[in-house]
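Chemist: Need a 3D model of the sequence below.
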Amino acid sequence: MRRQRRAKIVATVGPASASPEMLEALFIAGVDTFRLNFSHGAHEDHARVHAAIRDLEARMRRPIGILQDLQGPKIRVGAIAGGKIMVTTGDKLRFVLSKEQGGADALPLPHPEIFDAVMPGQDLLIDDGRVRVRVLTPAREEILAEVLVGGAISDRKGVNMPGTLLDLSPLTAKDRADLAFGLELGVDWVALSFVQKPGDLIEARGLIDDRAGLVAKIEKPSAVERFDEIVRLADAVMVARGDLGVEIPHEDVPGRQKEIVRACRLAAKPVIVATQMLESMTSAPTPTRAEASDVATAIYDGADAVMLSAESASGAYPREAVAMMDRIISSTERHKLYRSIVNAADPGEEHSPPHAVAAAAADLAEAIGAPAIIAFTSGGTTAARIARKRPALPILAITPEQAIARRLSLAWGVHACRSEDVNSYEEMVERATAMALSEDFAGKGDTIVVVAGVPFGQSGTTNNLRVVQIN
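Modeler: Numbering: from 1, shown residues only. Now for the predicted structure:
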């Protein structure tokens, strides 16, 4: 099954989509990578979904990516007598470091790292910013704050602290158990929540090693500020606009999205734009016009993938949401302005032989009217370097590793196939020709561009370019 679009679709699996029949329907409708959200569901549930996806992959004979999304630490208020309290603008609130049930006179906040980090004048956002308070006098076990925006504060509602770096690991005990389970299952990607600084990724990498790709979720202002360091340590990035939009002004989110997408493209790392893309399709069979424009904007920005969350996990129309996203992407990529907009956002290239060879391959293939670029890639790097140029023709990636073929399901414009490694130039040409024909990327008489690294099978060595006519 070959997609007729370049950008990829990630869909979250949940109660509405966990059955083998619905997973197949979603894949046929356009899903390239399935997201398993470990904030919800038991290990047995995720294991069943994982097995169903791998069975689907075998039947479809196409690599399918699986992304494990770890929950990360959740900063929440504690239990409240009666379930909630109402506060109004100007009220004074007292937060206490306690796990005991509290109330309006002493609101429990069982997170010592907040009391250690908070400063006078800082804001606490409760329930995604529906209630906003400003710190007046912090202490080791008590914070006095003034309500700026009133409303209801219910049990266990989330608390955000914009601009505050918390002494908190992104990996909780639950995350570590979930990660060990996911790696044992064989997930292809692991998404790390609550990334604040580059060191968070180093900690995760020590546990993951090379058993899966590491996705840095950008949802904290501190991560945006140190993004150049973070993108170097990650294998891919997710722009988690929901949480990010709570902690930075709404009007800044679109610009930050463009900056992150551009930086990922420069680094040749896949970038996923996520959260509320077709949110209304959770309960309606069609999106709003604004949502359709939002998806299209991410495609014009050059994002590798766009993601569905509640729309496919718990919505009433999961298949329709995937099909709609597929149609929006395809229509956008066919638009007469698409190519000029994407080219204008080209971030340039790193000045190194591998990147120069990949860029030259993309330019050459377009100049000679080749139907496809064939990339031999052991670790996925060669294909990613070519994809960074966003060429107007597809990239057929040939890899000996099934795990790499699955990870490339996030990469823009890449159609990945597993095949045994090659050992000589002659074998490279023969294999490229055979795969281009069998995967219907080229026909007899066509000229293709073949990119590889020599020595063959050594990851990261993009240094060879061949022009081959298929006889």
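
Chemist: Tell me which residues are up against stretch 123-140.
Modeler: With contact meaning Cβ atoms under 8 Å, 6 or more residues apart in numbering, stretch 123-140 is reached by 77, 87, 92-93, 95, 97, 115-116, 118-122, 143-154, 157-162, 246-247. Just so you know, the C-beta spots here come from the backbone N, C-alpha and C atoms, and that holds for glycine as well.

Chemist: Start and end of that stretch, how far apart?
Modeler: Taking Cα to Cα, to the nearest Å, the first and last residues of stretch 123-140 lie 17 Å apart.

Chemist: what does stretch 55-75 give?
Modeler: One end of stretch 55-75 to the other measures 38 Å (Cα to Cα).

Chemist: And for stretch 190-200?
Modeler: End-to-end for stretch 190-200, by Cα to Cα: 13 Å.

Chemist: Residue 399 is in contact with residue 418, correct?
Modeler: Yes. If you go by Cβ atoms under 8 Å, residue 418 and residue 399 touch, sitting 6.2 Å apart.

Chemist: and the contacts of stretch 123-140, which are buried?
Modeler: Neighbour counting by 16 or more other Cβ atoms under 10 Å classes 77, 87, 93, 95, 97, 115, 118, 122, 143, 145, 147, 150-151, 153, 157, 159-162, 246-247 among the contacts of stretch 123-140 as buried.

Chemist: Give me the domain ranges for the chain.
Modeler: Domain assignment for the chain by automatic domain parsing gives 8-72+169-339, 84-160, 353-469.

Chemist: low-scoring stretches of this protein, by residue?
Modeler: Where the chain drops to pLDDT under 70, the residues are 460.

Chemist: What's the local residue count around the closest residue to residue 260 other than its chain neighbours?
Modeler: Among residues not flanking residue 260 along the chain, residue 239 sits closest, at 5.3 Å (Cβ to Cβ, 6 or more residues apart in numbering). Neighbourhood size, residue 239 [other Cβ atoms under 10 Å]: 27.

Chemist: Show me what secondary structure element comes after the helix or strand residue 239 falls within.
Modeler: If you go by DSSP states H and E, residue 239 is part of strand 236-240. Sequence-wise, the next helix or strand beyond strand 236-240 is helix 241-247, with elements assigned using DSSP H and E.

Chemist: And the next helix or strand past that following helix?
Modeler: helix 253-267.

Chemist: Quick one: distance of that following helix to the chain centre.
Modeler: Using Cα atoms, centre = their mean, to the nearest Å, the mean C-alpha position of helix 253-267 is found 13 Å from that of the whole chain.

Chemist: Of all the residues in it, which ones are buried?
Modeler: Buried-residue list, helix 253-267, by 16+ other Cβ under 10 Å: 253, 256-258, 260-267.

Chemist: Output the residues you listed as CSV; include the columns distance to residue 108.
Modeler: Shown next, in CSV, are the buried residues of helix 253-267 (distance: Cβ to Cβ, whole Å):
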residue, distance to residue 108
253, 31
256, 33
257, 36
258, 40
260, 36
261, 40
262, 43
263, 40
264, 40
265, 45
266, 45
267, 42
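
Chemist: Looking at the residues you listed, spot the one nearest residue 467.
Modeler: Of all those, residue 467 sits closest to residue 265, with 25.9 Å by Cβ to Cβ.

Chemist: Next, the contact list for the closest one, please.
Modeler: 271, 302, 345-347, 388, 390.

Chemist: Selecting buried members of these in ChimeraX, what would you type?
Modeler: This is the ChimeraX syntax for the buried subset of the contacts of residue 265, where burial follows 16+ other Cβ under 10 Å:
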select :271,302,388,390
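
Chemist: Can you tell me which of the domains of the chain is nearest to residue 1?
Modeler: Closest among those, using Cβ to Cβ: domain 8-72+169-339, at 5.2 Å.

Chemist: And for residue 248, the neighbour number?
Modeler: Neighbours of residue 248 (other Cβ under 10 Å): 19.

Chemist: ah, wrong one, I meant residue 26
Modeler: For residue 26, the tally of surrounding residues (other Cβ under 10 Å) stands at 24.

Chemist: coming back round to it: correct me if wrong: the residue nearest to residue 260 contacts residue 277.
Modeler: No. Contact between residue 239 and residue 277 fails when scored by Cβ under 8 Å: they sit 10.9 Å apart.

Chemist: Mind listing residues that contact the helix or strand containing residue 45?
Modeler: Element membership of residue 45 [criterion: DSSP H and E] is helix 43-60. The contact list for helix 43-60 (Cβ under 8 Å, 6+ apart) reads 1, 13, 18-20, 23-24, 27, 34, 36, 38, 63-64, 66, 68, 178, 181-182, 185-187.

Chemist: and if we set it to 7 Å?
Modeler: Here helix 43-60 makes contact (Cβ atoms under 7 Å, 6 or more residues apart in numbering) with 1, 13, 18, 20, 23-24, 27, 34, 36, 63-64, 66, 181, 185.

Chemist: What is the subsequent helix or strand relative to that helix?
Modeler: Moving toward the C-terminus from helix 43-60, the next helix or strand (DSSP H and E) is strand 65-69.

Chemist: Which elements pack onto the very next helix or strand once past that next one?
Modeler: Once the chain leaves strand 65-69, the next helix or strand it forms, by DSSP H and E, is strand 84-87. Counting contacts by 3 or more Cβ pairs under 7 Å, 6 or more residues apart in numbering; DSSP states H and E, strand 84-87 is packed against strand 151-154.

Chemist: Just checking: what are the partner strands of the strand it packs on?
Modeler: Partner strands and pairing direction for strand 151-154 (DSSP bridges) are strand 84-87 (antiparallel).

Chemist: circling back to that earlier point, which one of the contacts of residue 265 is nearest residue 457?
Modeler: Residue 457 has its nearest neighbour among the contacts of residue 265 in residue 388, at 22.6 Å by Cβ to Cβ.
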